[in-house]
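Peer 1: Need coordinates for the below:
(2 chains, ligands or ions: 2)
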Amino acid sequence: MTTDQAPALESLLSVRGISKAFGHIQALTDVSLDIAPGEVLALLGDNGAGKSTLIKILSGLYATDSGEIRMRGVPQRFQSPADAKAAGIATVYQDLALVDTRDVAANLFLGREYTRGPFIDVKRNVAESRRVLEQLKLGHLPASGVPVGVMSGGQRQAVAVARTVVSGAELIIMDEPTAALGVSESAKVMALAHELRDSGCAVIIISHNLQQVWDFADRFAVLHLGRLAGVRRRSESTVEEIVQLIVYGAAGA
Amino acid sequence: MTATIVAQPGTPPASPPPKPKADPVDRILDVGIYIALAALVLVFSVASPYFLTVGNLLNIGQAVAQTGILAAGVTIALIAGQLDISFGSVIAITAVLIAVLTSAGVPVAVAVLAAVVAGLLVGVLNGVLIVHLNISSIISTLAVGTAVTGGAYLVASGQVVPLPDPTVFSWVNARILGLPVPMLIAIAVYVAGWILLSKTKLGAHIYAVGGNSSAALRAGIPVKRIYFTVLLISSGLAVLAGVIVLGRTGAGDPSYGAADMFTVLGAVLLSGIGLGGGTGSVQRTLIGVLIIGVLANGLVLLGVQSYYQQLLNGAVLVLAVVMEAIRRKRRSR
Ligand SMILES: Nc1ncnc2c1ncn2[C@@H]1O[C@H](COP(=O)(O)OP(=O)(O)OP(=O)(O)O)[C@@H](O)[C@H]1O
Ligand SMILES: [Mg+2]
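Peer 2: Ligands and ions are numbered 1, 2, ... in the order given. Next up, the predicted model:
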């Protein structure tokens, strides 16, 4: 079952008929999905449903067997994570890829520091970091002087997300961002997803925990045994219906 | 999964989040080395009226210059996550090559160039083992260092080789504005190291690579090139130290550098840099260098026998290692 067949005009990312097999395991079968700018989509599904496989395809880690990916209507061929990044897709993995011994500014501009000749333009890196942090309502985080290693799990997640904004990403994918976090920290990460949405980015959140994402996602895409079981708007669905999609792959069973 | 959802407001309450702070024990250990140095200076200046004289302070400066130059190189490599212990062998091969080549009639400039090339080759070799063969830095540099020291003995035929014209390197023993030349060189090295690490993009990348190499790689930082760069800096500074020893002694001895191993590693570890990479600075290493230098000098002034000094050096090293263990334990709570 797929939703709208033609790529929606306003969609940022449009996935059409993607399939992927590992040997004889069919991880994904004919998955189609759209996401618009300024939207938070929760990608749900039981263990082995294919969530990670789908986002690895979108991040350029896996090639597809068949199907098409478009960003702003432009067909993409991702050969590597760099290709996906260049197309505006940034993924925050669970390991966060932060340099724990360095401060926020160093992490936000890791590998793309503002420089003057061979020298780091520390002032500018810190000022730009402050700007991005403010924009994401993370102004309480110190831009400089405190290594991110001493920060809480939620704060570190926030730094990793802020870095995707610095990189100019339009679609930000978070892989189980709340898996290792407590309730209040999780809520903050979800609030951050809202800030991203409000600044015009699209956000895909992979989650096991419907409870944590229910209040924060605009739509829910449910994978079941590698197929898209359904896509629902929160305003037009119920928790019970989504749970049924996750467990049985169909609603009203 | 249960289907019961507790309705929550759309946004979480805006309670002021706690500001992240550094671990208090970390901070005590951080200032500890400054306190230790101050305490040593205080104790020795009370115990010996000669300690705080200009003459003696310059003695200390002269004595720690070589340790300091080596320790700066080791620090830079260690920040990138590579422990380079081949510096002793580079000192030996540098001094021996220059002595042997000039004795054979090779012009001094060419002999020095040969020593520089040999020293940098040690860095390249370290890099190849570490980066391309994925062997840990301590094993790689131990192996390369052992081989190169063997090479130095071979080149010198196991002998101490005197310089045919020691005056060529006598500038090492000169003073400029009253300051010993090795001390001035060491100061220049530390200023350069401080600028490199805290002001330049390369420095930022050295910290990033040491802190999380896979994150650095994913951020597009040329990790392998950075490893080679720090190993070459470390070897290059060891060549410099080798020339200084050569000038001071007027001879090339293949056993040079062996004694530097523990003072240099002691000074570096005392700075609290840790072996994990991604932290540390040459300023802190300098404090470690000074602690060891002041300790050695003060004990001599007090007439303490040299094997007690050896014992104390060992104790300092143990202390540094214990400090690091405490930090690591607290980090991995
Ligand atoms: N690299 C791989 N090689 C072989 N099989 C794989 C590989 N990656 C995933 N699979 C298989 O593909 C299917 C989908 O896996 P995927 O990791 O995408 O599920 P998931 O929804 O992310 O599950 P989870 O919630 O447990 O993370 C599973 O059957 C899995 O065993
Ligand atoms: Mg997964």
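
Peer 1: Report the buried residues of stretch B:208-224.
Peer 2: Buried residues in stretch B:208-224, counting neighbours by 16 or more other C-beta atoms under 10 Å in any protein chain shown, are found at B:208-213, B:215-219, B:221, B:223. The way it works is simple: take the backbone N, C-alpha and C, and place the C-beta from them, glycine included.

Peer 1: Show only the entries of those residues found in helices.
Peer 2: Secondary structure assignment (DSSP state H) places B:A208, B:V209, B:G210, B:G211, B:S213, B:A215, B:A216, B:L217, B:R218, B:V223 from those within helices.

Peer 1: Helix or strand next in line after the strand or helix carrying A:A191, which one?
Peer 2: Counting by DSSP states H and E, the element that carries A:A191 is helix A:183-198. Remark: after helix A:183-198, the chain's next helix or strand is strand A:202-207, criterion DSSP H and E.

Peer 1: That following strand - contacts with which helices or strands?
Peer 2: Counting contacts by 3 or more C-beta pairs under 8 Å, 6 or more residues apart in numbering or on different chains; DSSP states H and E, strand A:202-207 packs against strand A:40-45, helix A:51-58, strand A:171-175, helix A:183-198.

Peer 1: Determine the set of other helices and strands touching the last one.
Peer 2: In terms of contact count using 3+ C-beta pairs under 8 Å, 6+ apart, helix A:183-198 is assigned the packing partners strand A:40-45, helix A:153-166, strand A:171-175, strand A:202-207, helix A:210-213.

Peer 1: ok now the last one, how far from the chain's centre?
Peer 2: Think helix A:210-213. 15 Å (C-alpha atoms, centre = their mean, to the nearest Å).

Peer 1: circling back: with B:G158 as the reference, name the closest of the helices and strands packed on strand A:202-207.
Peer 2: helix A:51-58 (60.1 Å; C-beta to C-beta).

Peer 1: Does that closest one reach chain B?
Peer 2: No: judged by C-beta under 8 Å from any C-beta of the partner chain, helix A:51-58 makes no contact with chain B; its nearest approach is 14.3 Å.

Peer 1: May I ask which two of the ones in helices among the buried residues of stretch B:208-224 are separated the most?
Peer 2: B:G210 and B:R218 (15.5 Å).

Peer 1: Can you give me the end-to-end span of stretch B:263-282?
Peer 2: 16 Å (C-alpha to C-alpha, to the nearest Å).

Peer 1: Please apply the same query to stretch A:197-217.
Peer 2: Stretch A:197-217: ends 10 Å apart by C-alpha to C-alpha.

Peer 1: in that stretch, what's buried?
Peer 2: Here stretch A:197-217 shows A:197, A:201-208, A:210-217 as buried, counting by 16+ other C-beta under 10 Å.

Peer 1: and the helix or strand bottoming out on mean pLDDT in chain A, what does it pack onto?
Peer 2: Confidence across the helices and strands of chain A bottoms out at helix A:210-213, with a mean of 84, counting by mean pLDDT, DSSP states H and E. Here helix A:210-213 touches strand A:40-45, helix A:183-198, helix A:239-248, going by 3+ C-beta pairs under 8 Å, 6+ apart.

Peer 1: what does the average pLDDT come to for the second one?
Peer 2: To tie it back to what came earlier, the one meant is helix A:183-198. Averaging pLDDT along helix A:183-198 gives 87.

Peer 1: Same question for the first one.
Peer 2: For strand A:40-45, the mean per-residue pLDDT is 95.

Peer 1: outside of it, which residues touch it?
Peer 2: A:35, A:51, A:54-55, A:193-194, A:196-197, A:202-208, A:210, A:213, A:216-224, A:229, A:242, A:245-246 (C-beta atoms under 8 Å, 6 or more residues apart in numbering or on different chains).

Peer 1: What separation is there between B:V64 and A:S144?
Peer 2: 33 Å (C-beta to C-beta, to the nearest Å).
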